[in-house]
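K.L.:
Quick check, what structure comes out for this input:
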Amino acid sequence: MVVTALSARSVSGTEALLPASVTLENFRFVLAEAGFLRYLGNSLAVAALTVVASSVLALLAAVAVARFRFRLRTTVLVLVLIVQMVPLEALVIPLFLQVRDLHMLNSLIGLAVVYIALALPFAVWMLRGFAAAVPAEVEEAAYIDGCSWGRMFWSVLFPLVAPGLVATGVFSFITAWNEFILALTFMNQSENYTVAVGLRQFFGQYTTDWGSVMAASTVITLPVMAFFLLVQRGLVSGLVQGAVKQ
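P.N.:
Coordinates of the predicted model:
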C-alpha cells in the first residue's frame with residue numbers, strides 16, 4: 001500500500017517491491033484536490049462521538065446488569081445477544097426510514113447515533129464480563145470505609161473495569177471508522193462523506209487510480225494506528241488500581 005502510494009501514477013499498481021522513484025504527488029492530490037481532509041474530519045468527529053457516547057452508556061448498562069438484581073435481567077442480556085445476530089444488511093432500510101423520519105439524513109450526528117446503537121450490544125456484553133469479575137469484597141470494603149455508591153463506582157469499580165472500557169472503545173472506534181454501507185446510504189452530499197465513502201471516488205467504471213487509492217488508504221490507516229498507540233497502555237494500567245491493600 002505504502003509503496004504504491006509513493007510511486008508515480010504511471011507505475012502505480014505494479015508488483016515492484018520498492019518504488020523506482022519516490023513522490024508525494026498521490027498524497028498531494030488526495031489531500032489537496034480530492035477533498036479527503038474534509039472526509040477525514042467527518043470520520044474523526046463521528047468516531048469520537050461514537051466512542052465517548054457508547055463507552056459511557058455501555059459502562060452504565062454493564063454495571064447495572066452485572067451488579068444489580070432486577071426483573072427481566074436475563075431477558076435484557078438475551079436481547080443484547082439477539083441484536084448482535086441480526087446482519088447489518090437487514091437493518092439498512094429500517095434504519096434509513098427511522099433516520100429520515102427524524103430528519104437526520106446527511107447529518108454527522110445522525111450517523112453517529114446509528115453507530116452508537118450498533119456498537120452498544122457488543123460493548124455492553126464485553127463490559128458486563130469485566131464488571132462481574134470485580135469481587136464483591138472490594139465494594140464491601142469501600143462501603144465499610146464510608147464510601148457512597150457514587151464514590152465507590154468512580155474510585156474503585158471504574159479503575160478496575162477501565163481495561164474493558166478501553167477495549168470496547170477500540171471496537172467502537174473501528175466500527176465507526178470503517179463502516180461503509182450506512183454512511184453511503186445516509187449521506188448523499190459529498191461534504192458529509194466519511195473516509196470509507198470518500199475512498200470510492202477513486203474507483204472508476206473502467207479504470208482505477210491505484211496511486212490515489214493507496215495514498216488515501218494510508219491516510220485512513222494512520223489515525224487508527226495512532227488511536228491504538230494512545231490507548232494500549234490503558235489495557236493494563238487499571239488492573240490493580242482501586243484494589244484492597246494487603
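
K.L.:
pLDDT score assigned to the residue nearest the centre of the chain?
P.N.:
The centre of the chain sits closest to residue 173, judged by CA atoms, centre = their mean, with a distance of 1.6 Å. Per-residue pLDDT puts residue 173 at 92.

K.L.:
residues contacting it?
P.N.:
47, 50, 51, 224, 227 (CB atoms under 8 Å, 6 or more residues apart in numbering). The C-beta positions use only the backbone N, C-alpha and C, and glycine is treated the same way.

K.L.:
Quick check: the two most widely separated of these?
P.N.:
Greatest spatial distance among these (CB to CB): 50 and 224, at 13.8 Å.

K.L.:
Tell me where the longest helix sits in the chain.
P.N.:
As assigned by DSSP state H, the longest helix anywhere in the chain is helix 36-67.

K.L.:
Check which residues of it are buried.
P.N.:
36, 39-40, 42-47, 49-51, 53-55, 57-59, 61-63, 65-67 (16 or more other CB atoms under 10 Å).

K.L.:
can you check stretch 98-106 too?
P.N.:
So stretch 98-106, judged by 16+ other CB under 10 Å, has buried residues 99, 104, 105.

K.L.:
what's the burial count for residue 30?
P.N.:
29 (other CB atoms under 10 Å).

K.L.:
I'd assumed residue 219 was in contact with it.
P.N.:
Yes - between residue 30 and residue 219 a contact is recorded at 6.6 Å, counting by CB atoms under 8 Å.

K.L.:
who are the neighbours in contact with the residue located most distally from the centre of the chain?
P.N.:
Most distant residue from the mean C-alpha position of the chain: residue 144, 38.6 Å away (CA atoms, centre = their mean). Neighbouring residues of residue 144 by CB under 8 Å, 6+ apart: there are none.

K.L.:
Quickly note the distance from it to residue 203.
P.N.:
For residue 144, the distance to residue 203 (CB to CB, to the nearest Å) stands at 63 Å.
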